[in-house]
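Asker: any chance you could fold what I've pasted below:
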Amino acid sequence: MLDYNSLDEMAKRDFKKHLEECAKAIGGKNYFLQLVESIRDTRPHPLMAKNARFQFSQGNVKWQKVIYKDKVHLLIKLLGENQTNGNLMPKKGDKGFKTVMNLLRTLGPMKFEVNPKNKVNGDGFILHPFDRIDNKTTQLNYIFDAVFFMPMYVVKKALTGSGKKKKRS
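Answerer: The predicted model follows:
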């Protein structure tokens with residue numbers, strides 16, 4: 001999971017810019033925050049939906065195939081364990097290497113389409129769960145993290161933050 005407070009000002013501005021682009025694509029900040037809030041309030045986790053779809057009051061999120069409970073729980077566990085370096089890719093020989101690699105291979109190529117209910121609000125946007133840096137480094141996409149896992153107060157802070165450099169006295 002992304003540690004927002006540890007980001008430098010440039011990374012925070014970049015994160016805010018991407019969040020604003022996604023929000024604009026579904027009708028604005030309020031609609032985006034409604035999406036995130038409804039995902040947080042849904043039990044079991046929306047990624048486990050049997051129809052590979054999640055609906056909220058202002059639109060929906062669709063993906064290609066069902067994600068099983070064990071994969072979602074493994075992903076949540078990995079996010080907690082890898083908070084410091086952000087790399088989800090296990091080292092060869094690590095315990096659970098095969099299960100983590102299967103998770104990365106299963107979710108890696110998937111696309112998550114977020115669409116507003118009313119096309120007047122925007123065209124929607126597409127999320128990919130992971131960013132592959134190289135053969136040994138795979139990180140959770142920070143927008144995917146914001147939509148599905150990041151605490152609500154952090155998403156609000158990132159989305160409503162000033163994004164301006166502070167003036168030095």
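
Asker: would you mind listing the buried residues in stretch 72-80?
Answerer: Buried residues in stretch 72-80, counted by 16 or more other C-beta atoms under 10 Å: 72, 74-75, 78-79. Every residue, glycine included, has its C-beta placed from N, CA and C.

Asker: quick one: the strands in the chain?
Answerer: Using DSSP state E, the strands of the chain run over residues 53-56, 59-63, 112-116, 125-127, 130-134, 137-140.

Asker: show the pLDDT at Lys164.
Answerer: Note for Lys164: predicted pLDDT of 50.

Asker: tell me, what residue is most central in the protein?
Answerer: Closest residue to the average C-alpha location of the chain: Phe144 at 1.5 Å, with C-alpha atoms, centre = their mean.

Asker: so how far is Glu9 from that one?
Answerer: 23 Å (C-beta to C-beta, to the nearest Å).

Asker: ok, Asp134 next?
Answerer: Remark: distance between Asp134 and Glu9 (C-beta to C-beta) = 26 Å.

Asker: which one of the strands of the chain lies nearest to Leu33?
Answerer: Leu33 lies closest to strand 53-56 among those, at 10.6 Å (C-beta to C-beta).

Asker: in that closest one, which residues are buried?
Answerer: Using 16+ other C-beta under 10 Å as the test for burial, strand 53-56 gives 54, 56.

Asker: got the contact list for that strand?
Answerer: Strand 53-56 is touched from outside by 34-35, 38-39, 42, 46, 60-63, with contacts defined as C-beta atoms under 8 Å, 6 or more residues apart in numbering.

Asker: the longest helix along the chain to strand 112-116, inter-axis angle?
Answerer: Ranked by residue count under DSSP state H, the longest helix found in the chain is helix 9-25. Helix 9-25 and strand 112-116 meet at an angle of 60 degrees, taking axes from the mean of the first three to the mean of the last three C-alpha atoms, to 10 degrees as the criterion.

Asker: what sits up against helix 9-25?
Answerer: Contact with helix 9-25 is made by 2, 4, 7, 29, 31-33, 114, 116, 122-125, 142-143, 146-147, 155, 158-159, 161, 163, 165, as judged by C-beta under 8 Å, 6+ apart.

Asker: list only buried entries from the residues you listed.
Answerer: Buried by 16+ other C-beta under 10 Å: 2, 4, 29, 31-33, 114, 116, 122, 124-125, 142-143, 146-147, 155, 158-159, out of these.

Asker: quick one on the thing from earlier: where does the residue nearest to the centre of the chain land on pLDDT?
Answerer: Here the pLDDT value assigned to Phe144 is 94.

Asker: and for Asn82?
Answerer: Looking at Asn82, its pLDDT stands at 63.

Asker: ok so, going back, filter the contacts of strand 53-56 down to the buried ones and express that as a ChimeraX selection.
Answerer: Of the contacts of strand 53-56, the buried ones can be selected in ChimeraX as follows, counting by 16+ other C-beta under 10 Å:
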select :34,35,38,39,46,61,62,63
